[in-house]
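Asker: kindly return the folded structure for what I paste below:
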Amino acid sequence: MESRIDIAKAEPAAYQAMYGLEKYLSTSKLDPILLELIKMRASQINGCAFCLNMHAADARKIGETEQRLYLLNAWRETTLFTPKEEAVLALTEEVTLISHHVSGATYQKASGFFNEQELAQVIMAIVTINAWNRLAITAKVMVG
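Answerer: Residues are numbered from 1 along each chain as shown. Got it, this is the predicted structure:
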């Protein structure tokens, strides 16, 4: 499989705008592990090997366990994730699979763990990784 387009090279201003969202998220008050779980779960759903590889490594560096990474795609069937993480993972799934819409129950559950600003940051994290996934998959960014 060959890479296609290098967006950063072909359209650096657009790439920098996307990178600006990442910089914003790095200054948020959200738990870094939670951010990596969002990135991992959306990337699993979207099938983005590049992002999965990168964010698994990033998660390990900040203390995420192998067991939780291995079971992330089956998070509903474990007791390894906190209720707050479960709410965020459910929201991540519904935002990523947006054609099914975000249910009121999922939104309410997530909003119970965050104030309005934090919830906005969670939503922005989900939207941002979905955009990165779409760029990497379309451009066929390779792992390795």
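
Asker: pLDDT of stretch 52-61, averaged?
Answerer: Looking at stretch 52-61 alone, the average pLDDT works out to 97.

Asker: can we start the residue count at 36 from this point?
Answerer: Sure, I'll start numbering at 36, so the last one becomes stretch 87-96.

Asker: so which helix or strand of the chain has the lowest pLDDT on average?
Answerer: Of all helical and strand segments in the chain, the minimum by mean pLDDT, DSSP states H and E falls on helix 42-45, at a mean of 92.

Asker: elements contacting the helix or strand containing residue 168?
Answerer: According to DSSP states H and E, residue 168 maps onto helix 151-174. Applying 3 or more CB pairs under 8 Å, 6 or more residues apart in numbering; DSSP states H and E, we find helix 151-174 packed against helix 47-61, helix 67-81, helix 84-96, helix 118-131, helix 139-146. The way it works is simple: take the backbone N, C-alpha and C, and place the C-beta from them, glycine included.

Asker: identify the residues contacting it?
Answerer: 38-42, 53, 56-57, 59-60, 63-65, 69-70, 73-74, 77-78, 81-83, 85-86, 123, 126-127, 130-131, 145-146, 149, 176 (CB atoms under 8 Å, 6 or more residues apart in numbering).

Asker: phi, psi for residue 136 please.
Answerer: phi 70, psi 160 (degrees, to the nearest 10).

Asker: now do the contacts for the nearest residue to it once chain neighbours are set aside.
Answerer: Leaving out its chain neighbours, the residue that sits closest to residue 136 by CB to CB, 6 or more residues apart in numbering is residue 129, at 7.2 Å. Residue 129 makes contact with 135-138, 141, according to CB under 8 Å, 6+ apart.

Asker: on the pLDDT front, check residue 129 for me.
Answerer: pLDDT at residue 129 comes out at 98.
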